[in-house]
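[1] Got a sequence here, can you build the structure:
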Amino acid sequence: MPVVFVSGTGTEIGKTVVTSAIAAAAVAAGRSVAVLKPAQTGVSPDEPGDAAEVVRLAGPTVTALELARYPEPLAPDTAARRSGLATVSPAAVAEAAGRLAAAHDLVLVEGAGGLLVRFDEEGNTLADAARLLAAPVLLVAPAGLGTLNSTALTAEALRARALGPLGVVIGSWPANPDLASRCNLADLPKVSGLPLLGAVPEGSGVLTLDAFRSAAPGWLAPGLDGTWSARSFLEAWPA
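    Residues are numbered from 1 along each chain as shown. Presented below is the predicted three-dimensional model:
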């Protein structure tokens, strides 16, 4: 998997922290890593974006690349139109990811919000860029009520586009999960048809670099260079 696309089932669900954890685990496994952010919205020119946050958490050896930045926190197509700036095409995303893949063992392409958020005036999405590379897509989902429907719909949308869903990582596992969150651990694989590949603890984004890099492999399954076990996690949090 030289290129993996990371998409959320929605926004503000921990996608950047999960991307950081995957990068940190891969670095710990001795792999060279790059992170690509096709469209960063909602930050000013002098503010660090999501790609910079991955480097902050996963370490300075991670290569970061951002293709476009828009000041308003909107879908990339809308933000580009309102700012008068150019949009990002699937071809541009695929070309940048391919260029990074030539020099790195793993390239993580982090989307904006959910899978079908529009990136340009033609209605292209992150899924269209992933299809150009025939790259797998990892889904980041919230833990609580409502996640079963949004995760199942996103997995269905990927399969309808002949894309390979890699699995699901819970983006922010609460310290005191409620009943719905605990039940969702077993139900997410059933409704989505995808394996559960990790759970990142709530608040992990505030850890120091050393603490984050040390802990990250324990949040992710072996397929993501980690040591996390879905079975053990379900036993620790019974419904």
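[2] Which residues does the helix or strand residue 200 falls within contact?
    Assigned by DSSP states H and E, residue 200 belongs to strand 196-201. For strand 196-201, the external contacting residues (CB atoms under 8 Å, 6 or more residues apart in numbering) are 14, 17-18, 21, 138, 143, 166-173, 175, 185, 188-189, 219-221, 223-224, 226, 228, 230, 233. The C-beta positions use only the backbone N, C-alpha and C, and glycine is treated the same way.
[3] go again using 7 Å as the cut-off
    For strand 196-201, contacts defined as CB atoms under 7 Å, 6 or more residues apart in numbering pick out 14, 17-18, 21, 167-173, 185, 188-189, 219-221, 223-224, 226, 228, 230, 233.
[4] The closest residue to residue 221 other than its chain neighbours: neighbour count?
    Leaving aside its chain neighbours, residue 221 sits nearest to residue 197 (4.4 Å; criterion: CB to CB, 6 or more residues apart in numbering). Neighbour count for residue 197, taken as other CB atoms under 10 Å: 24.
[5] separation between residue 197 and residue 213?
    Per CB to CB, to the nearest Å, residue 197 is found 19 Å from residue 213.
[6] Could you list the low-pLDDT ranges of this protein?
    Scanning the chain for pLDDT under 70 picks out 1.
[7] which residue ranges form the helices in this structure?
    Secondary structure of the chain by DSSP state H: the helices cover 15-28, 50-58, 76-83, 90-101, 126-133, 147-160, 179-192, 209-215, 230-236.
[8] With respect to burial, which of those scores highest?
    Greatest average neighbour count among the helices of the chain goes to helix 15-28 (a mean of 27), per mean count of other CB atoms under 10 Å.
[9] and it, what does it pack onto?
    With contacts taken as 3 or more CB pairs under 7 Å, 6 or more residues apart in numbering; DSSP states H and E, helix 15-28 sits against strand 3-8, strand 33-41, helix 50-58, strand 106-114, strand 165-173, strand 196-201, helix 209-215.
[10] From the contact counts, what lies against the fourth one?
    Read it as strand 106-114. If contacts are counted by 3+ CB pairs under 7 Å, 6+ apart, strand 106-114 sits against strand 3-8, helix 15-28, strand 33-41, helix 90-101.
[11] now these in JSON lines, with distance to residue 107?
    What follows is the helices and strands packed on strand 106-114, written out as JSON lines (distance: least, CB to CB, whole Å):
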{"stretch": "strand 3-8", "distance to residue 107": "5"}
{"stretch": "helix 15-28", "distance to residue 107": "10"}
{"stretch": "strand 33-41", "distance to residue 107": "5"}
{"stretch": "helix 90-101", "distance to residue 107": "5"}
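[12] Would you mind saying which of those lies nearest residue 147?
    When the helices and strands packed on strand 106-114 are compared by CB to CB, strand 3-8 sits nearest residue 147, at 10.9 Å.
[13] Keeping just the C-alphas, turn the closest one into PDB.
    What follows is strand 3-8, C-alpha atoms only, in PDB (Å, rounded to 0.1, in the frame of the first residue of the first chain):
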ATOM      1  CA  VAL A   3      -0.700   5.300  -1.200                       C
ATOM      2  CA  VAL A   4      -3.600   5.200   1.300                       C
ATOM      3  CA  PHE A   5      -6.400   7.700   1.200                       C
ATOM      4  CA  VAL A   6      -7.800   8.700   4.600                       C
ATOM      5  CA  SER A   7     -11.400   9.800   4.600                       C
ATOM      6  CA  GLY A   8     -13.800  10.600   7.400                       C
END
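[14] so what strands line up beside it?
    The strands beside strand 3-8 in its sheet (DSSP bridges) come out as strand 106-114 (parallel), strand 137-141 (parallel).
[15] Give me the distance from that strand to the chain's centre.
    Taking CA atoms, centre = their mean, to the nearest Å, one finds strand 3-8 lying 5 Å from the centre of the chain it belongs to.
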